[in-house]
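J.: Need coordinates for the following:
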Amino acid sequence: MTIINEITIKIIRNVKDGESIRSLANKIGFAYSAVYGWILELEKYEAIRIIRKGNKNIIKINNNNVIYNKFRELDNVVSVIDKNNEFWKFIKNTKLRIRFVMGTAITIWTKGGFITGDFYDKIYFLEAVKKEVNLLKKVLDERNMAWTENKLTNKRPLVYIIPKKEFKVEYIDNLPVMPLRELVDYCKELYLDNILEQLDLLYSLGLNKKYSEVYTNYEC
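T.: Numbers count the residues shown, from 1 in each chain. I've put the predicted structure just below:
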């Protein structure tokens with residue numbers, strides 16, 4: 001019998017120190033008997049313990065317990081994955097005027113052939129029409145998704161919002177992204193030759209020839 005399962009994860013995620021088992025069972029949507037049984041298992045590992053007060057079974061959390069903290073670490077990882085999946089689902093269905101840019105656009109246009117450090121770290125650069133920025137923030141808040149406009153935080157996934165008056169959009173697998181030509185110009189400005197090579201390989205842009213001419217003329 002494994003102690004790591006849907007019920008125990010939800011117990012650790014939602015339990016408040018000093019609340020009753022019945023209150024917790026109602027909160028997480030499982031039968032009282034199931035929650036009680038798994039709390040007894042967690043008690044064996046000293047992650048939490050039951051204090052019996054009259055006809056109530058009160059839960060006491062052991063914050064210093066290794067098992068409890070490992071559960072919390074696991075829950076944090078699962079939470080990030082769940083929020084990340086929800087974010088991409090939201091992007092594919094929203095009617096807001098938005099588009100991915102910078103490193104996020106690079107990963108999307110190269111179809112994962114080049115994954116930027118920001119994308120790997122679940123930081124997504126998203127331009128939004130200025131008039132809709134507040135609405136975008138509201139929607140993200142409602143979904144408990146972290147966002148920022150000027151500085152990075154430790155929350156993940158993190159949506160980096162960039163307000164812009166207007167822009168053009170192309171779609172890759174239902175994802176709104178900056179047009180390929182704009183991305184090429186962006187990469188040229190930053191001398192991202194390895195990314196330009198990936199794009200040229202995928203979309204036959206003739207960039208290798210142009211670059212060889214530029215370098216040849218420069219050297220002369």
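J.: Kindly format the C-alpha coordinates of stretch 101-117 as CSV.
T.: As requested, C-alpha coordinates have been extracted for stretch 101-117 and formatted as CSV (Å, rounded to 0.1, in the frame of the first residue of the first chain):
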residue,chain,number,x,y,z
VAL,A,101,7.3,37.1,-28.0
MET,A,102,11.0,36.9,-27.3
GLY,A,103,12.2,33.5,-25.9
THR,A,104,8.7,32.1,-25.7
ALA,A,105,8.2,32.8,-29.4
ILE,A,106,11.5,31.2,-30.2
THR,A,107,10.6,27.9,-28.6
ILE,A,108,7.2,27.9,-30.3
TRP,A,109,8.5,28.7,-33.8
THR,A,110,11.3,26.2,-33.5
LYS,A,111,8.8,23.6,-32.4
GLY,A,112,10.9,22.8,-29.3
GLY,A,113,14.0,22.5,-31.4
PHE,A,114,15.5,25.3,-29.3
ILE,A,115,14.1,25.7,-25.8
THR,A,116,15.2,28.9,-24.1
GLY,A,117,16.2,29.1,-20.5
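J.: Residues touching it, excluding its own?
T.: 99-100, 118-119, 123-127, 162, 172-173, 175, 177-178, 180, 183, 186-187, 192, 194-195, 198-199, 201-202 (CB atoms under 8 Å, 6 or more residues apart in numbering). All C-beta spots, glycine's among them, are computed from the backbone N, C-alpha and C.
J.: what's the helix or strand where residue 138 lies packed up against?
T.: Here residue 138, judged by DSSP states H and E, is contained in helix 133-142. With contacts taken as 3 or more CB pairs under 8 Å, 6 or more residues apart in numbering; DSSP states H and E, helix 133-142 sits against strand 146-148, strand 158-164.
J.: Reformat these as a markdown table; add distance to residue 8 and mean pLDDT.
T.: Below are these laid out as a markdown table (distance: least, CB to CB, whole Å; pLDDT from 0 to 100):
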| stretch | distance to residue 8 | mean pLDDT |
| --- | --- | --- |
| strand 146-148 | 26 | 97 |
| strand 158-164 | 29 | 97 |
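J.: Could you chop this structure up by domain?
T.: 6-66, 94-219 (automatic domain parsing).
J.: which stretch among those comes nearest residue 85?
T.: domain 94-219 (9.6 Å; CB to CB).
J.: Tell me how far residue 105 lies from residue 59.
T.: Counting by CB to CB, to the nearest Å, the separation of residue 105 from residue 59 is 47 Å.
J.: Between these two, which is the more surrounded one?
T.: residue 105 (29 against 22; other CB atoms under 10 Å).
J.: pretty sure that one belongs to a helix, no?
T.: Yes. Assessed with DSSP: H, G, I helix; E, B strand; the rest coil, residue 105 lies in a helix.
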